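>>> I would like the atomic coordinates for the input below:
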Amino acid sequence: MPTAIRIRQTGGPEVLEAAEVETAEPGAREIAVDVAAAGVNYIDTYHRSGLYPLELPCVLGMEGAGTVAAVGGEVTGVAVGDRVAWQGALGGYAQRALIPADIAVPVPDGVSDEVAAATLLQGVTAHYLVSSTYRVSEGETVLVHAAAGGVGLLLVQLAKARGARVIGTVSTEEKEALARQAGADEVIRYTERDFTEAVREFTGGEGVSVVFDGVGKNTYEGSLASLRVRGMLALFGASSGPVPPIDPQRLNAGGSLFLTRPKTGDYTRTRDELLWRTGELFAAITAGTLDVRIGGRYPLAEARQAHEDLQGRRTTGKLLLLP
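Numbering: from 1, shown residues only. Prediction:
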């Protein structure tokens, strides 16, 4: 039987356990995938901790890539032996995963399984943030928190490709170098200075058009204070903890601000939309205009260490488990 990482109770990284699990045959509209690489994401830590409740026991992992091993009777357009990637279904932390066929996207030649697995969830997130949640335009100034993280590095590149001036926040000199390499015009080490003050300085007091904030609790107040009149705060994660309730009058006082909390499912509601986003991402990767940084590779059995490293902010780029 294939090995998987499952949880039987919620808690810290210690609840992750390797176990042999039985994989059923694919249902009518499912496919079985031999997993080559599985993405490690903050949403996995939310599932593990119970912040986002799941029915237990369960196998974690919302993203992966590999080779199709079997297809259900009603599946079309996907065949055994095809390389696919997906995001949005549990079960990726495993040697074999069952996923709905309609969320599997073809992986083109020139994109490795590892890069595909590193692209789907965070890449789609970055894509919808700059193209749909807030349509970044040439000449605008934007703020990206955790600019050396998995989503952050992609956001910097995609915003720059749309002609924006990008300000990033990071914690260390090493992370500053990575953010600048990705194209950030200004980088603020938030451990050394107040990022809101720095943003106002860089923008002549005006503020930025949009803040892309995946940090949450520790940054949202400063993010709101960094916006220009009618600017938008896009909260897409909570690596420091969930944001408490916000009084709408705070948005009024800040200059008729906008606040949104998007999620991937609402920006991939149709297969056409999913294929558009992933197609643009894969095309940019193969053209060499989008670099997906893999910051750590771990054997499947070391999922606990991957979670500890991710939450300890000891990582840059994308973390992968390699079954």
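>>> Name the residue closest to the centre of this protein, please.
The centroid of the chain falls nearest to Gln122 when counting by C-alpha atoms, centre = their mean (2.6 Å).
>>> mind checking the SS state of it?
Counting by DSSP: H, G, I helix; E, B strand; the rest coil, the backbone at Gln122 sits in helix.
>>> Ala4 too?
Ala4 - assigned by three-state DSSP - is strand.
>>> State the distance from the residue lying closest to it once chain neighbours are set aside to Gly11.
Excluding the flanking residues, the one nearest Ala4 by C-beta to C-beta, 6 or more residues apart in numbering is Ala94, at 3.6 Å. Any C-beta I mention is one placed from the backbone N, CA and C, and that applies to glycine too. Using C-beta to C-beta, to the nearest Å, we find Ala94 at a distance of 20 Å from Gly11.
>>> With neighbour numbers in mind, choose between those two.
Ranked by neighbour count (other C-beta atoms under 10 Å), Ala94 and Gly11 place Ala94 first, with 27 against 12.
>>> Pull up the per-residue confidence for that one.
Note for Ala94: predicted pLDDT of 96.
>>> Report the contact partners of the residue nearest to Ala4.
Counting by C-beta atoms under 8 Å, 6 or more residues apart in numbering, Ala94 makes contact with 2-5, 21, 23, 35, 38, 59, 61, 300, 323.
>>> and with 6 Å instead?
Residues in contact with Ala94 (C-beta atoms under 6 Å, 6 or more residues apart in numbering) are 4, 35, 59.
>>> Also Leu56?
Counted by C-beta under 6 Å, 6+ apart, Leu56 has contacts Arg8.
>>> going forward can the numbers begin at 165, since that is how I track them
Fine by me, first position is 165 from now on; the one you just mentioned is Leu220.
>>> What pLDDT does the model give it?
We note a pLDDT of 94 for Leu220 in this prediction.
>>> mind pulling up the phi and psi values for it?
phi -110, psi 150 (degrees, to the nearest 10).
>>> any idea how far Gly459 is from it?
Distance of Leu220 to Gly459, computed by C-beta to C-beta: 29 Å.
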